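[1] Here you go, sequence then predicted model.
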Amino acid sequence: MQPVAKEIAFRFIEEAPFGDVILMEDESPYGTALATYVLVKYAGDRGLPVYIDDVLDSLALVRKHLKFLGIDEDFSDVEVIKTGGMEPVGKIVSKIHLEAEPVLYITRHREITNRILSSGKHLNIVLGMERLFAFLETRREFYMFIAYLKEFLGNPNRKSFYIVNKPVLSTLRFNPLPELEEIASTVVEIKIKNGTHVVIPKKALFTDIIGKEFPGIPEEIARW
């Protein structure tokens with residue numbers, strides 16, 4: 001299986017329009033870490049500012065997984081909106097407590113995000129969304145969050161990648177996956193096949209890539 005080249009991976013990211021959401025459904029051991037690393041490398045290569053939504057130390061886990069794979073990335077140049085958690089990673093621009101009332105969290109997050117995007121185009125990586133949805137107790141709260149996610153669709157300064165743990169989402173009281181798949185213009189799965197991480201588009205603006213397998217070898221990605 002031929003590993004995907006840096007140029008092909010970066011072109012895939014490049015072709016995703018600003019204002020859209022790309023949903024990455026991870027079912028592999030280190031897919032989230034590798035995807036985050038590739039996206040940050042792409043942003044650095046293009047001179048594009050990137051900010052990460054880090055829910056409950058998800059970014060710290062990404063960093064630990066990358067170290068295990070032999071990739072040293074401290075995310076020191078990446079702005080981070082940190083929700084809950086104790087482990088600071090990256091350039092934290094704001095901390096948000098997990099409020100008992102979701103509307104308070106949404107109001108605070110909206111203010112921070114609007115401030116970041118007011119300065120121009122950004123690539124946004126969202127980590128740990130499944131942990132956030134695990135706190136929702138009612139269907140009203142669930143749809144409040146879904147409505148909030150839709151607010152930024154079409155924003156010309158935001159290209160967003162939601163990287164979610166698919167097996168965890170399936171265990172939640174309210175599984176947001178169908179809603180997220182509807183919101184996203186592109187949906188890809190990250191799986192392990194024959195010991196290799198493989199990205200498989202299942203919804204895309206360019207239908208010719210749907211169902212194709214794009215393998216990613218950590219040793220190769222580390223050299224990008």
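    Thanks, I have the structure now. This is a predicted model, so every value here is computed, not measured.

[2] Now do the SS call for G120.
    Recorded secondary structure, G120: coil (DSSP: H, G, I helix; E, B strand; the rest coil).

[3] so who does the nearest residue to it once chain neighbours are set aside touch?
    In this structure, G120 finds its nearest non-sequential neighbour in N157, 6.0 Å apart by C-beta to C-beta, 6 or more residues apart in numbering. For glycine as for every other residue, the C-beta is placed from the backbone atoms N, C-alpha and C. N157 makes contact with F18, L117, S118, G120, K121, H122 under the criterion C-beta atoms under 8 Å, 6 or more residues apart in numbering.

[4] try E189
    Residues near E189 by C-beta under 8 Å, 6+ apart: M24, E25, E27, K166, V199, I200, K202.

[5] Include pLDDT, distance to H97 and neighbour count when you put those into JSON lines, please.
    Shown next, in JSON lines, are these (pLDDT from 0 to 100; distance: C-beta to C-beta, whole Å; neighbours: other C-beta atoms under 10 Å):
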{"residue": "M24", "pLDDT": "98", "distance to H97": "27", "neighbour count": "23"}
{"residue": "E25", "pLDDT": "98", "distance to H97": "28", "neighbour count": "23"}
{"residue": "E27", "pLDDT": "97", "distance to H97": "31", "neighbour count": "12"}
{"residue": "K166", "pLDDT": "97", "distance to H97": "27", "neighbour count": "19"}
{"residue": "V199", "pLDDT": "95", "distance to H97": "34", "neighbour count": "24"}
{"residue": "I200", "pLDDT": "96", "distance to H97": "37", "neighbour count": "17"}
{"residue": "K202", "pLDDT": "95", "distance to H97": "36", "neighbour count": "13"}
